[in-house]
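In: the sequence isn't on hand, but the structure is:
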Ligand code: FPP
């Protein structure tokens, strides 16, 4: 598992190795243009492509994006099925380029509620790109932080019940190994677009020491230049992880 020092205070030198993004504002972007919400999601998908490709320029090795939350099922049937179709199409269209560009794609979230065809595409894309290491793209799909911790706790309890683990072994490090994100370092920076200052159940455990940037730009307007500007701001921050800098 990749390791990152999250205990020693330091000023940020260079960029964040792991950026997580809450891609908000697609609906409003479409409404401002008198178009249906799905039009905004399609425009948002194009930005995903652009931002993934910009990561190596900024030494961002890990990019984690919030595509669909455990709460998003409450949206209209039209929007939910349109989004699911968009995810399927995105995987089919982008798989080849992602592979060629050295992107390793993984998904986090509960797959049980997702349709079979989508899950098959997700599994295949993970398999296809498993040998890549240039950029690690993690897509959160039917993901919720509380749901993830609950599922991890269930699996841990099962291990204890089976006698493979003692309750005394349960510490933060052990729990983290049962999370969907066990293969990821913690995020250094979490960006949320569209002017909302909430974390909406995203990477609750993992973001304990992350820096946050809440920016007004709507996701479909989040260009590679806006990304570069946000990363430049991050470089000026001082990270203390609860300690005092010498
Ligand atoms: C939030 O905006 C966005 C979503 C719930 C969907 C995010 C999906 C994409 C960006 C599509 C592409 C993703 C991939 C991985 C291909 P919102 O609809 O809540 O916006 P609003 O707050 O303006 O209504």
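Out: It's in. Computed from a prediction, not measured in an experiment: that's the story for all the values here.

In: tell me which other helices or strands the host helix or strand of residue 19 touches.
Out: Using DSSP states H and E, residue 19 maps to strand 18-22. The elements that strand 18-22 packs onto, with contact taken as 3 or more C-beta pairs under 8 Å, 6 or more residues apart in numbering; DSSP states H and E, are strand 62-69, strand 189-192. (Each C-beta comes from the backbone N, C-alpha and C, glycine too.)

In: nearest to the ligand, out of those strands?
Out: strand 62-69 (4.0 Å; C-beta to the nearest ligand atom).

In: that closest one - contacts with which helices or strands?
Out: strand 18-22, helix 37-54, helix 77-100, strand 135-143.

In: need the winner for burial among these.
Out: Each of these was scored by mean neighbour count; the highest is strand 18-22, a mean of 25, by mean count of other C-beta atoms under 10 Å.

In: which strands border that strand, and is each parallel or antiparallel?
Out: With DSSP bridges as the test, strand 18-22 is paired with strand 62-69 (parallel), strand 189-192 (parallel).

In: and it, is it in reach of the ligand?
Out: No: using C-beta under 6 Å from any ligand atom, strand 18-22 stays clear of the ligand, with a minimum separation of 7.8 Å.

In: cool, stretch 24-38 as well?
Out: Yes: using C-beta under 6 Å from any ligand atom, stretch 24-38 reaches the ligand at 24-28, 37.

In: for residue 107, phi and psi?
Out: The phi/psi pair for residue 107 (degrees, to the nearest 10) reads phi -120, psi 140.
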